[in-house]
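Q: Make a model of this:
(chains A and B)
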Amino acid sequence: SQQGEEDPQALSIQEGENATMNCSYKTSINNLQWYRQNSGRGLVHLILIRSNEREKHSGRLRVTLDTSKKSSSLLITASRAADTASYFCATDASGSGAGSYQLTFGKGTKLSVIP
Amino acid sequence: DVKVTQSSRYLVKRTGEKVFLECVQDMDHENMFWYRQDPGLGLRLIYFSYDVKMKEKGDIPEGYSVSREKKERFSLILESASTNQTSMYLCASSFFFIQGASSATNEKLFFGSGTQLSVL
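A: Numbering: from 1, shown residues only, chains lettered A, B, ... in the order given. So this is what the prediction gives:
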């Protein structure tokens, strides 16, 4: 079952603008991760935020987590054409037992950055 | 440099064939995963393994089996390939982060480049 849902499904911006993508989920989580995928390739990890963290930065990336609203956002500042890719959130659900060892991905946001 | 290697980038098979997709990681990770990715459906977990010889079903295990005889290798098997198994297959691996006495979480996943499988 898919837990994370990204919004919007697609986003088109001009180079230099900021891009914001959102992720909502349904159940309690241990952590939430964001990944990037260039067309036809594997996913690359961007950032991990734990359930007791509210904000995290990595270079031009800023991730926030609101566990009360069960949502997260990924902000890419000063976007570049090379940021064009699909972005996925993935949730690691709470709980013990082997079944909780899954990382569940959403369907992704397709970002196009126009030069 | 950490690496997850999938044996084939592109694969074309016939309906009814037995298909093996191999994945090897060089990071001594406990966890390994097989996902399939289809347009509009995102990534869906087929099987995962948290130790040698251990396996757990994901969301869509039907028509697939897996094998993990060694820690570094996780194989996905399509016993009798069908056209609805045409897809991009992604392998990934990760460490556990031990959270407490009885729970653990996944640290970041490292993905292979994917295998685009076409079943004709």
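Q: Strands of the chain, residue ranges please.
A: Picking chain A for this. Ranges of strands in chain A, per DSSP state E, are A:5-7, A:10-14, A:19-24, A:29-37, A:43-50, A:55-58, A:61-66, A:71-76, A:85-93, A:103-105, A:109-114.
Q: my question was about chain B
A: According to DSSP E, the strands that chain B contains are B:4-6, B:10-13, B:19-25, B:31-38, B:42-49, B:56-57, B:64-70, B:73-78, B:87-94, B:96-98, B:104-106, B:110-111, B:115-119.
Q: Sheet-wise, list the partners of the second one with their directions.
A: For strand B:10-13, the paired strands and their directions (DSSP bridges) are strand B:115-119 (parallel).
Q: Could you do the fourth one as well?
A: Applying DSSP bridges, strand B:31-38 is found paired with strand B:42-49 (antiparallel), strand B:87-94 (antiparallel).
Q: partner residues bridging residue A:112?
A: Assessed by DSSP bridges, residue A:112 has beta-bridge partners residue A:12.
Q: In contact with the spatially most central residue of chain B, which residues?
A: With distances taken as Cα atoms, centre = their mean, the residue of chain B nearest its centroid is residue B:34 (1.9 Å). Contact partners of residue B:34, counting by Cβ atoms under 8 Å, 6 or more residues apart in numbering or on different chains, are B:21, B:23, B:45-48, B:58, B:64, B:66, B:74, B:76, B:89-91. Using the backbone N, CA and C atoms, a C-beta is placed for each residue, glycine as well.
Q: can I get the strands paired with strand B:31-38 in a markdown table with mean pLDDT and mean neighbour count?
A: Formatted as a markdown table, these follow (pLDDT from 0 to 100; neighbours: other Cβ atoms under 10 Å in any protein chain shown):
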| stretch | mean pLDDT | mean neighbour count |
| --- | --- | --- |
| strand B:42-49 | 92 | 23 |
| strand B:87-94 | 95 | 25 |
